[in-house]
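S.K.: Quick one: sequence and predicted model below, then my questions.
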Amino acid sequence: MNITLDPTDRRLLALLQADASLTNQALAERAHISAATCLRRVRRLVESGVIERTMAIVSPDALGVGNTAVLEVTLDRQDAARLEAFETHVAQEPAVQQCYRVAAGPDFVLIVYVADMPAYHAFVQRSLTAEANVRNVRAFFAVKRSKFVPAVPV
């Protein structure tokens with residue numbers, strides 16, 4: 001990605017991260033630019049990959065999946081093919097909200113949403129225990145969500 005972001009681009013990104021449902025006209029007014037300029041700039045940000053996607057953030061509690069588990073996963077063997085295979089495997093699992101390959105500790109950290117402990121055990125059985133290359137799983141369960149801001153600082 002080779003794009004230079006000026007202050008107007010950054011202002012648009014901040015506004016969109018706060019509320020992506022704004023109309024082009026409302027976004028332009030808040031960014032202090034014309035509607036045509038706003039539309040052109042947002043299209044450029046999308047086409048260049050700066051804006052990956054637009055989505056609604058749904059409350060996990062509203063859908064009955066309000067239990068968050070943070071998992072540290074260590075694989076038995078860490079060659080490139082097995083790391084990639086694990087990433088592909090967990091990416092297909094709806095309960096996995098985020099997956100990070102990390103260094104200096106476990107191989108992966110997963111953020112998982114589940115309804116309850118039976119659902120967590122079913123997830124582990126289905127996605128981790130069945131995966132022969134998983135050596136160790138360490139789970140931490142959130143008791144309170146103190147902050148959740150899925151926005152990148154601009």
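M.R.: Yes, it's here.

S.K.: In the protein, which residue sits furthest out from the middle?
M.R.: Note on the chain: the largest C-alpha distance from the chain mean falls to Ser34, namely 31.7 Å (C-alpha atoms, centre = their mean).

S.K.: OK, contacts around the nearest residue to that residue once chain neighbours are set aside?
M.R.: Residue nearest to Ser34 in three dimensions, not counting chain neighbours: Ala28, with 6.1 Å by C-beta to C-beta, 6 or more residues apart in numbering. No exception for glycine: its C-beta is placed from N, CA and C like everyone else's. Shown in contact with Ala28 (C-beta atoms under 8 Å, 6 or more residues apart in numbering): 34-35, 37-39.

S.K.: which of these lies closest to Val154?
M.R.: Checking these against Val154 by C-beta to C-beta gives Cys38 as the nearest, at 16.0 Å.

S.K.: Would you enumerate the residues in contact with that closest one?
M.R.: Residues in contact with Cys38 (C-beta under 8 Å, 6+ apart) are 12, 24, 27-28, 31.

S.K.: Look at it and give its secondary structure.
M.R.: Secondary structure, DSSP: H, G, I helix; E, B strand; the rest coil: Cys38 is helix.

S.K.: separation between the nearest residue to it once chain neighbours are set aside and Thr37?
M.R.: Nearest residue to Cys38, sequence neighbours excluded (C-beta to C-beta, 6+ apart): Ala28, at 3.7 Å. Ala28 sits 7 Å away from Thr37, taking C-beta to C-beta, to the nearest Å as the criterion.

S.K.: What of Met1?
M.R.: Here Met1 is placed at a distance of 22 Å from Thr37 (C-beta to C-beta).

S.K.: What of Ala69?
M.R.: Ala69 sits at a distance of 44 Å from Thr37 (criterion: C-beta to C-beta).

S.K.: Could you do Arg138 as well?
M.R.: Counting by C-beta to C-beta - Arg138 and Thr37 are separated by 50 Å.
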